[in-house]
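Trainee: mind folding the following:
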Amino acid sequence: MECRGVLHDGDHAMTVDWAEVSALATALYGVAFVLSLGLVLIQLRRQADERFVTSTQPTFEIWMSDEFQRAQQWILYELQESTWRDFTAHHRNDYGERALLRVGSYYNRIGYLVVYRLLGSRDGVLLDTVAGSAIAVWNKIEPLILEARLMENATMFVDYERMLPECYECYVPNQPVPAHVLEEAAEAARLAGD
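Mentor: Numbering: from 1, shown residues only. The predicted structure is shown next:
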């Protein structure tokens with residue numbers, strides 16, 4: 001008859017080293033914690049990417065709309081006036097004024113996002129799309145806007161103007177940003193109170 005729990009000659013007692021078990025459990029918990037933390041960070045990064053796409057989609061939709069493109073083309077190819085006085089005399093309360101405000105306000109909003117770093121490190125994604133046109137439109141409307149600031153709205157499109165150095169860096173990266181663009185962006189920042 002064999003009794004359990006009774007040791008016979010040559011048998012070894014099995015003992016548990018609870019300190020080793022505790023150390024092993026602590027190590028496994030640490031590994032699981034680090035893996036969980038890594039997965040959370042990956043999920044947060046993906047969530048930030050999704051949020052960027054979702055938040056900039058309406059901006060892209062505006063950019064692609066026929067109304068916006070028509071207004072932008074009107075500024076680039078049909079706008080003839082080079083002073084605010086002449087512009088308001090010919091286009092106040094008609095399509096020209098709406099086109100200027102639509103396009104200028106759009107780029108001003110993009111400028112706000114870029115200047116205040118609200119897109120994080122993803123400014124370039126948006127600027128890759130709009131930088132060339134933003135530069136061309138600004139070159140066309142700059143004299144009007146500078147005069148309008150003296151007459152009607154002292155901060156008209158300042159974030160648009162402040163964004164221009166980054167547009168140049170994005171659109172023509174191998175060329176220095178023109179000095180007058182840097183100076184005017186600094187003046188726009190001053191007007192904005194930054």
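
Trainee: please count neighbours and contacts with C-alpha atoms only from this point.
Mentor: OK.

Trainee: my guess is A185 meets Y168, correct?
Mentor: No. When contacts are counted by C-alpha atoms under 8 Å, A185 is not listed as touching Y168 (12.0 Å).

Trainee: what's around L44, how many residues?
Mentor: As a burial measure, L44 scores 12 neighbours (other C-alpha atoms under 10 Å).

Trainee: same question for L150.
Mentor: 12.

Trainee: could you chop the protein up by domain?
Mentor: Split into domains by automatic domain parsing, the chain comes to 1-53, 65-192.

Trainee: in this structure, which segments are predicted with low confidence?
Mentor: 1-14, 48-49, 52-53, 194 (pLDDT under 70).

Trainee: what about the helices in it?
Mentor: Taking DSSP state H as the criterion, the chain carries its helices at 18-64, 66-73, 84-91, 95-115, 123-151, 158-171, 179-192.

Trainee: which one of those is the most hemmed in?
Mentor: Highest mean neighbour count among the helices of the chain (mean count of other C-alpha atoms under 10 Å): helix 158-171, with a mean of 24.

Trainee: residues in contact with that helix?
Mentor: By C-alpha atoms under 8 Å, 6 or more residues apart in numbering, the list of residues contacting helix 158-171 from outside reads 104, 107-112, 114-115, 124, 127-128, 131-132, 134-135, 138, 175-177, 181-182, 184-186, 188-189, 191-192.

Trainee: now do stretch 85-105
Mentor: With C-alpha under 8 Å, 6+ apart, stretch 85-105 has contacts from F68, A71, Q72, W74, I75, L79, E81, L144, F157, Y160.

Trainee: quick one: end-to-end length of it, please.
Mentor: 20 Å (C-alpha to C-alpha, to the nearest Å).

Trainee: just how off-centre is that stretch within its chain?
Mentor: 28 Å (C-alpha atoms, centre = their mean, to the nearest Å).

Trainee: same question, stretch 18-26
Mentor: 49 Å.

Trainee: and what of stretch 96-109?
Mentor: 20 Å.

Trainee: residue contacts, the closest residue in space to A136 that isn't next to it in sequence?
Mentor: Nearest residue to A136 in three dimensions, chain neighbours excluded: L76, at 7.4 Å (C-alpha to C-alpha, 6 or more residues apart in numbering). Applying C-alpha under 8 Å, 6+ apart to L76 gives the contacts A136, V137, K140.

Trainee: G132 now?
Mentor: Taking C-alpha under 8 Å, 6+ apart, one finds C167, Y171 in contact with G132.

Trainee: mind running it again at 10 Å?
Mentor: Contact partners of G132, counting by C-alpha atoms under 10 Å, 6 or more residues apart in numbering, are L164, C167, Y168, C170, Y171, V172.

Trainee: nearest residue to the middle of this protein?
Mentor: In the chain, the residue lying closest to the centroid (C-alpha atoms, centre = their mean) is L119, at 2.3 Å.
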